[in-house]
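*Asks:* coordinates for the following, if possible.
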Amino acid sequence: MKNISIKVKITMWYLLLMTIMVVMVLTFILAVSSSVTTQTAMSRISSTVRSNLTQVSSSNGKISLGEDFHFYQNGVYTLIYSKNEALLAGQVPVNFTQNEPFENGLTRTVSTEDDNYYVFDLWLPFDWENGVWVRGLMEVPEDELIIKNLILVVAVAMPAFILFATIGGYWIAKKAFKPLEDIISTADSINEASDLSARIDVPSGSNEFTRLAKTFDQMFTRLEQSFEAEKQFTSDASHELRTPISVIKGACEYALKYDETPEERQETLSMIHRQAVKMSGLVAQLLSMTRLEQGTEKANFEKINLTELTKAICTEQAYADRNVYFEAKNEISAFVDTTLITRLIQNLIDNAVKYGKTDGHVWVTLTENEHEIQLSVKDDGIGIPKEEQGKIWQRFYQVDASRTGDNGTGLGLSMVQKIAEIHGGYMSLESEPLKGSNFVLHLPKNNY
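*Replies:* So this is what the prediction gives:
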């Protein structure tokens, strides 16, 4: 039984219940049919005798019978006896040899050597002293033929009914378990082919297995996203860490191979430190991007004074000598994640500073209209060629890598775009080579 599928077990249980039910119904039918047969026979003999009773009369001491009187009708013998129980009219059945006393209005069963009879008597008075007995005799019907016919019907109909019910039950169980089979099949295909893109063909409905299939589909989606994020992280890290690791390795090999002067050793250590700092920043950026994309770094939205936050960022010590100017005509509030929006603004300003010209300027402007809040970060730097403007949001893409020095990772704008999406907004860009760039965050106002 352990190796039998649940569908078969349910079907077998269903078959057993149906068989038990059929046996119980058959037993009930046999019992009821016997009772109904007896009641019907007794009712027939009573009605027949009473009908004939109305056709019996007496005139001048003689008994007369009406035209509708029948000595034998519907299997009932009608006999007329005198007050002294002498047979006056009718013919007693050959097998009825019993001398049965008369009992007025009582139907009873009388057994003879060969047969059983129902006997029903009625007293018909003509005056105070005279009258006649009207007796009905009816042979007790044989139940065997009825039972045989009933068993024959049951023997033919019930197996067909049980078979139909069993097939129907198995079909229902199979259909109900189909989402579970699909889950198993999909899980097997993922296990064999490592294909996390496989999905279950979820049927319509809201039963337990359908909901389970939908839950597994959602789980497969999350697994695929996690797996892809892990692949992306691994690919990005291996690609971007290759250069600083090579620099560190080369510096260490050179220092071990040659006897460096104190000045050269100091330069080597400084180089290793710079590359380690770059690697640390890169890993931190990659982890942050991965968390944002997977949704593991949840946004904590709150209503803040965006004007004060932006002004505070623009006046930080890091931008003290960078000619960063902030402008906002009024106080603007927004429902945002403070940490993420701070990172977005800092990334935009850092990007403008890096690609700005020497002693250039950065203008940060905060405005709002009926539908949205706009945060603009404009510089007067090198600008971005039109054919490259669609690529700047990609990871590690840099228009002019030589301008970033050792600090650029190429992740800043990619993270900016992701943060904008988390807030239900988007980024736009206006730029011309040698004239500068203007990055604009469009933040919808209906998000708070």
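*Asks:* burial measure for residue 141, as a count.
*Replies:* 16 (other C-beta atoms under 10 Å). The C-beta positions use only the backbone N, C-alpha and C, and glycine is treated the same way.
*Asks:* please apply the same query to residue 52.
*Replies:* Using other C-beta under 10 Å, the number of residues around residue 52 comes to 24.
*Asks:* on the three-state scheme, the nearest residue to it once chain neighbours are set aside is what?
*Replies:* Spatially, and ignoring its direct neighbours in sequence, residue 52 is nearest to residue 78 (4.8 Å; C-beta to C-beta, 6 or more residues apart in numbering). Under DSSP: H, G, I helix; E, B strand; the rest coil, the three-state class of residue 78 is strand.
*Asks:* any idea how far residue 109 is from residue 78?
*Replies:* Remark: distance between residue 78 and residue 109 (C-beta to C-beta, to the nearest Å) = 18 Å.
*Asks:* with neighbour numbers in mind, choose between those two.
*Replies:* Under the criterion of other C-beta under 10 Å, the comparison of residue 78 against residue 109 puts residue 78 first, with 26 against 12.
*Asks:* quick one: neighbours of the closest residue to residue 183 other than its chain neighbours, just the number.
*Replies:* Leaving out its chain neighbours, the residue that sits closest to residue 183 by C-beta to C-beta, 6+ apart is residue 216, at 5.2 Å. Other residues near residue 216 come to 19 when the count uses other C-beta under 10 Å.
*Asks:* same check, this time on residue 56
*Replies:* Residues near residue 56, counting by other C-beta under 10 Å: 21.
*Asks:* that one contacts residue 131, doesn't it?
*Replies:* No - the pair residue 56 / residue 131 is not scored as a contact, 9.9 Å apart, by C-beta atoms under 8 Å.
*Asks:* for the two, list the residues in contact with both.
*Replies:* Counting by C-beta atoms under 8 Å, 6 or more residues apart in numbering, the shared contacts of residue 56 and residue 131 are residue 124.
*Asks:* so the residue most central in space within the chain versus residue 217, what's the distance?
*Replies:* Nearest to the geometric centre of the chain sits residue 211, at 1.5 Å (C-alpha atoms, centre = their mean). Counting by C-beta to C-beta, the separation of residue 211 from residue 217 is 11 Å.
*Asks:* and residue 428, by the same measure?
*Replies:* Per C-beta to C-beta, residue 428 is found 35 Å from residue 217.
*Asks:* among the two, which residue is more densely surrounded?
*Replies:* Each of residue 428 and residue 217 has its neighbours counted (other C-beta under 10 Å); residue 217 has more, 18 against 12.
*Asks:* doesn't the residue nearest to the centre of the chain belong to a helix?
*Replies:* Yes - assessed by three-state DSSP, residue 211 belongs to a helix.
*Asks:* can you name the residues that contact it?
*Replies:* Applying C-beta under 8 Å, 6+ apart to residue 211 gives no contacts.
*Asks:* what about the stretch 201-350 of the chain, any weak spots by pLDDT?
*Replies:* Scanning the stretch 201-350 of the chain for pLDDT under 70 picks out the ranges 201-210, 212-213, 225-226, 228-241, 243, 281-282, 285-286, 289-297, 317, 320.
*Asks:* one more time with 90, if that's ok
*Replies:* Filtered on pLDDT under 90, the stretch 201-350 of the chain yields the residue ranges 201-301, 312-324, 329-330, 337-343, 346-347, 350.
*Asks:* the helices in it, which residues?
*Replies:* Secondary structure of the stretch 201-350 of the chain, counting by DSSP state H, counting those that start in this stretch: helices at 208-257, 262-294, 306-314, 338-354.
*Asks:* looking at the ones you listed, which is buried most?
*Replies:* Ranked by mean neighbour count, the helices of the stretch 201-350 of the chain are led by helix 338-354 with a mean of 20 (mean count of other C-beta atoms under 10 Å).
*Asks:* residues making contact with that one?
*Replies:* If you take C-beta under 8 Å, 6+ apart as the criterion, helix 338-354 is touched by 299-300, 302, 304, 306, 309-310, 313-314, 319, 322, 324, 334, 362, 364, 375, 377-379, 381, 403-404, 407-408, 412-413, 415-416, 419-420, 422-423, 437, 439, 441.
*Asks:* chain center to it: distance?
*Replies:* 44 Å (C-alpha atoms, centre = their mean, to the nearest Å).
*Asks:* ok, now stretch 352-372?
*Replies:* The answer for stretch 352-372 is 50 Å, by C-alpha atoms, centre = their mean.
*Asks:* what is the burial count for residue 412?
*Replies:* Residue 412: 21 surrounding residues under other C-beta under 10 Å.
*Asks:* begin at 11 from now on, thanks
*Replies:* Got it, the first residue is 11 from now on, which makes the last one we talked about residue 422.
*Asks:* which residues are in contact with it?
*Replies:* 357, 360-361.
*Asks:* and which of those residues is nearest to residue 55?
*Replies:* Nearest to residue 55 among these, counting by C-beta to C-beta, is residue 357 at 107.0 Å.
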